[in-house]
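J.: sequence and computational prediction follow.
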2 protein chains.
Amino acid sequence: MAFEELIPILEAIEAEIGLHLKARTSLTKEVSEYILKSGGKKLRPLLFVLSARLCGVDDGEEIRLSPIFEYLHVATLLHDDVIDGAHLRRGKPAANVIWGNTIPILVGDFLLASALELAASSGNLKMVQILSETTSCLAQGEIHEITRNNTLDLSEEEYYEIITGKTAVLIAAATRLGAVLANADEEKEMALKEYGLRLGTAFQIVDDVLDYIGSEKELGKPVGHDLLEGKVTLPLIYALKESIDKERKQIKKYFSRRQKEDIAAIVSFVKEKKGTEQALAKAKDLIHQAKEVLLAFPDRPAKKFLLDIADFVVERRH
Amino acid sequence: MAFEELIPILEAIEAEIGLHLKARTSLTKEVSEYILKSGGKKLRPLLFVLSARLCGVDDGEEIRLSPIFEYLHVATLLHDDVIDGAHLRRGKPAANVIWGNTIPILVGDFLLASALELAASSGNLKMVQILSETTSCLAQGEIHEITRNNTLDLSEEEYYEIITGKTAVLIAAATRLGAVLANADEEKEMALKEYGLRLGTAFQIVDDVLDYIGSEKELGKPVGHDLLEGKVTLPLIYALKESIDKERKQIKKYFSRRQKEDIAAIVSFVKEKKGTEQALAKAKDLIHQAKEVLLAFPDRPAKKFLLDIADFVVERRH
């Protein structure tokens, strides 16, 4: 994909991020900037901008509001990292490693509030409504995941429920709200929401696959990290479907122990059973569906970009 | 004060709390209810209802929206208790004691989002704007407090800044938004904000005084608890002002050690220097100012209640 063409948009988004944060203490500013400027793909603001442009908004308001989605995203990252006791985030020490747990919890709250403050500044009440619902979903998606942690018997259906709640709803909010900003008709709004939901689900599946086949250097965290935390994801769900009782018992033993060699054994098992390949195929299928949704839209540069981003999501290595 | 007359309003508020929470998992519901139904004065929703009625709203919308302020309040309590590693909240085990840190962080996020969702359902954008700003202030007030923890050299001015941010802004939002709901004029809106700021500041000062002179049974937590956590509050600030160098050195030693007997020694010192009495006098002065602000409003039952609540704030023992 010709990502060069996206660079000016990404630069405009980057320039806007942090600009209107009303951080009163230097520590709030410091921690916010640490997490906001720590790399990251700025995928969610980008999807919002492109969706708005696809629906005809191009007056700069789509750029001005785009940080909403990065603030909300990094707020959840800060809280997740505290919860997981994470060591690394994007290859750098996690905020909780530097500042302890307290400050990242509160800066997460600050960024969450800042996202809704920026949304309210649009004067668009529907935007605020959808965002507050989304925030509620994100928290509940995380809770759902945690309550199903450390157990192997996660169904494919429940896995989708979890990743929709914790990941896809925010991506879908970004694409849907592009249409809302443009006052697009209900049909377009729902189409962009659908695109976002499928893209977001595929995105999380690929994330979960990379946890098995990625390299530590590219991921910024060790392979098998989800497993170590007791998270069962689609590659393992598929692999278990392909296995006989005896194998399942063995995996159960590894999973309950989860020493370094157990993790390595589960990773090998999943690859051998082609769990990662099947999960990737599922992601590709979702991406295909996401792209189909876009066919109804007129040909604009934004449409081409959104199609390309869909392809990128399953091709990425980090 | 004749609180009996407030009982129907408080019952209407209680009945509304939790009603529209869109909790999808049973755990989210369980933890939300645990903290929402754990007693508490429901002061913030009550202030919102009375402020709205003072400005002429009496169609039930003020009751429907009142849980906003309890959701936001308990969201901050959940996060605070995780941060402080609290054992007790309102005399019962803190949520983090029962569910660990993870779930209260996420349920706090859920309640925060729910508050803004409910606010957005009012269709009143200004309400959402003020609430998201308030949420941002609350997080920053906490951060400010934490960065000034464990140090004795806190000025009276900085103390007010901290308690305004962490407590008074939410109480002021509740009273101000009563006027906003009623589409009251700017003058009334600002008057109710002023009333809330002064009341909220007095409320926190009394809280801080009770940490010195209350009983563990009434407070639901041990005396000197703030000190133990390294928090310097107004009674100690005043006591230090009244002391000579030698005494200050001694207090500094106690404060840096903070064993049980050190805490007891600081508590005695503060009482002896009349730090608690001076702080209470300051609170009473603020309450006097808060009540004066209300004089401009027409005589309605709500006005009488708001005046009575102001008196209650400095008379309460828990």
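T.: Nice, thanks for sending it over. Residues are numbered from 1 along each chain as shown, chains lettered A, B, ... in the order given.

J.: alpha carbons only for contacts and neighbour counts from here, please
T.: OK.

J.: burial of residue A:10, as a residue count?
T.: 20 (other CA atoms under 10 Å in any protein chain shown).

J.: quick one, strands of chain A?
T.: A:88-89, A:92-93 (DSSP state E).

J.: so which of those comes closest to chain B?
T.: strand A:88-89 (18.4 Å; CA to the nearest CA).

J.: so in that sheet, which strands flank the closest one, and in what orientation?
T.: Using DSSP bridges, strand A:88-89 pairs in its sheet with strand A:92-93 (antiparallel).

J.: pLDDT (mean, whole number) over the strand it pairs with?
T.: Average pLDDT, strand A:92-93: 83.

J.: try stretch A:272-281
T.: Taken as a whole, stretch A:272-281 carries a mean pLDDT of 96.

J.: show me the contact partners of it.
T.: When contacts are defined by CA atoms under 8 Å, 6 or more residues apart in numbering or on different chains, stretch A:272-281 is touched by residues A:205-206, A:209, A:212-213, A:234-239, A:242-243, A:270-271, A:314.

J.: try stretch A:76-91
T.: With CA under 8 Å, 6+ apart, stretch A:76-91 has contacts from A:35, A:38-40, A:93-97, A:101, A:104-105, A:107-108, A:138, A:217, A:219-221, A:229, B:101-102, B:105-106.

J.: of the contacts of stretch A:272-281, closest to residue A:55?
T.: Residue A:55 lies nearest to residue A:314 out of the contacts of stretch A:272-281, by CA to CA, at 25.1 Å.

J.: tell me the pLDDT of the closest one.
T.: Listed pLDDT for residue A:314 reads 91.

J.: what's near enough to touch the closest residue to chain B within the stretch 151-300 of chain A?
T.: Ranked by CA to the nearest CA, the top residue of the stretch 151-300 of chain A for proximity to chain B is residue A:165, at 10.5 Å. Neighbouring residues of residue A:165 by CA under 8 Å, 6+ apart: A:137-138, A:140-142.

J.: of the residues you listed, which is the most crowded?
T.: Highest neighbour count within the contacts of residue A:165: residue A:138, with 28 neighbours (other CA under 10 Å).

J.: save the strands of chain A as a markdown table, and put in distance to residue A:69 and mean neighbour count too.
T.: Shown next, in a markdown table, are the strands of chain A (distance: least, CA to CA, whole Å; neighbours: other CA atoms under 10 Å in any protein chain shown):
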| stretch | distance to residue A:69 | mean neighbour count |
| --- | --- | --- |
| strand A:88-89 | 18 | 18 |
| strand A:92-93 | 22 | 14 |
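
J.: and these as TSV, adding distance to residue B:188?
T.: Shown next, in TSV, are the strands of chain A (distance: least, CA to CA, whole Å):
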stretch	distance to residue B:188
strand A:88-89	48
strand A:92-93	49
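
J.: nearest to residue B:180, of the ones you listed?
T.: strand A:88-89 (42.2 Å).

J.: and the average pLDDT for the closest one is what?
T.: On average, strand A:88-89 scores 76.

J.: can you check stretch A:246-263 too?
T.: 93.

J.: and the contacts of that stretch?
T.: For stretch A:246-263, contacts defined as CA under 8 Å, 6+ apart pick out A:150, A:152, A:224, A:227-228, A:230, A:240, A:265-266.

J.: inside helices: which ones of those residues?
T.: With DSSP state H as the criterion, helices contain A:227-228, A:240, A:265-266 from among the contacts of stretch A:246-263.

J.: now for those: which two are most distant?
T.: A:228 and A:240 (17.4 Å).

J.: show me what contacts the closest residue to residue A:306 other than its chain neighbours?
T.: Leaving out its chain neighbours, the residue that sits closest to residue A:306 by CA to CA, 6 or more residues apart in numbering or on different chains is residue A:50, at 7.0 Å. Neighbouring residues of residue A:50 by CA under 8 Å, 6+ apart: A:175, A:178, A:302-303, A:305-306.

J.: okay if I get the residues you listed as TSV plus neighbour count and pLDDT?
T.: TSV is the format used below for the contacts of residue A:50 (neighbours: other CA atoms under 10 Å in any protein chain shown; pLDDT from 0 to 100):
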residue	neighbour count	pLDDT
A:175	30	98
A:178	32	98
A:302	20	96
A:303	20	97
A:305	21	96
A:306	22	97
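
J.: so which of these sit within helices?
T.: A:175, A:178, A:302-303, A:305-306.

J.: near chain B, which residues of chain A?
T.: Contact residues (CA under 8 Å from any CA of the partner chain) of chain A with chain B: A:23-25, A:27-28, A:79, A:83, A:101-103, A:105-107, A:109-111, A:113-114, A:116-117, A:120-121, A:123-125, A:128-129, A:132-133, A:135-137, A:139-140, A:142-144.

J.: which among those end up buried?
T.: A:23, A:27-28, A:79, A:83, A:101-103, A:105-107, A:109-111, A:113-114, A:116-117, A:120-121, A:125, A:128-129, A:132-133, A:135-137, A:139-140, A:142-144 (16 or more other CA atoms under 10 Å in any protein chain shown).

J.: so where's chain A uncertain?
T.: For chain A, applying pLDDT under 70 flags the ranges A:1-2, A:216-221, A:318.

J.: which other helices and strands contact the longest helix along chain A?
T.: In chain A, assigned by DSSP H, the helix with the most residues is helix A:186-213. Helix A:186-213 is packed against helix A:156-163, helix A:169-181, helix A:225-228, helix A:234-241, helix A:275-294, helix A:301-315, with contacts defined by 3 or more CA pairs under 8 Å, 6 or more residues apart in numbering or on different chains; DSSP states H and E.

J.: how far off centre is the third one?
T.: Using CA atoms, centre = their mean, to the nearest Å, we find the averaged C-alpha position of helix A:225-228 to lie 17 Å away from the chain's own average C-alpha position.

J.: what comes up buried for that helix?
T.: Within helix A:225-228, the residues scored as buried using 16+ other CA under 10 Å are A:227-228.

J.: I'd like to know which elements it is packed against.
T.: Counting contacts by 3+ CA pairs under 8 Å, 6+ apart, helix A:225-228 packs against helix A:186-213.

J.: give me the most central residue, chain A.
T.: residue A:167 (4.5 Å; CA atoms, centre = their mean).

J.: which one in chain A is furthest away from the centre?
T.: residue A:246 (35.4 Å).

J.: ranking the helices and strands packed on helix A:186-213 by burial, who's on top?
T.: Among the helices and strands packed on helix A:186-213, ranked by average contacts under mean count of other CA atoms under 10 Å in any protein chain shown, first place goes to helix A:169-181 (a mean of 28).

J.: contact partners of that helix?
T.: A:44-45, A:47-53, A:55, A:57, A:62, A:69, A:73, A:124, A:126-127, A:130-131, A:134-135, A:137-138, A:185, A:188-197, A:199-200.

J.: now that helix and helix A:156-163, what's the angle there?
T.: With axes from the mean of the first three to the mean of the last three CA atoms, to 10 degrees applied, the angle from helix A:169-181 to helix A:156-163 works out at 60 degrees.

J.: list the contacts of residue A:190.
T.: Contact partners of residue A:190, counting by CA under 8 Å, 6+ apart, are residue A:176.

J.: with residue A:202 instead?
T.: So residue A:202 contacts A:282-284, A:286-287, A:313-314 (CA under 8 Å, 6+ apart).

J.: the closest residue to residue A:54 other than its chain neighbours: what's it in contact with?
T.: Once flanking residues are discounted, residue A:54 sits nearest to residue A:302: 5.3 Å by CA to CA, 6+ apart. Residues near residue A:302 by CA under 8 Å, 6+ apart: A:50-51, A:53-54.

J.: change it to 10 Å
T.: Contact analysis of residue A:302 by CA atoms under 10 Å, 6 or more residues apart in numbering or on different chains lists A:6, A:47, A:49-56, A:308.

J.: ok, so of the residues you listed, who is nearest chain B?
T.: Nearest to chain B out of these is residue A:52 (CA to the nearest CA; 21.6 Å).
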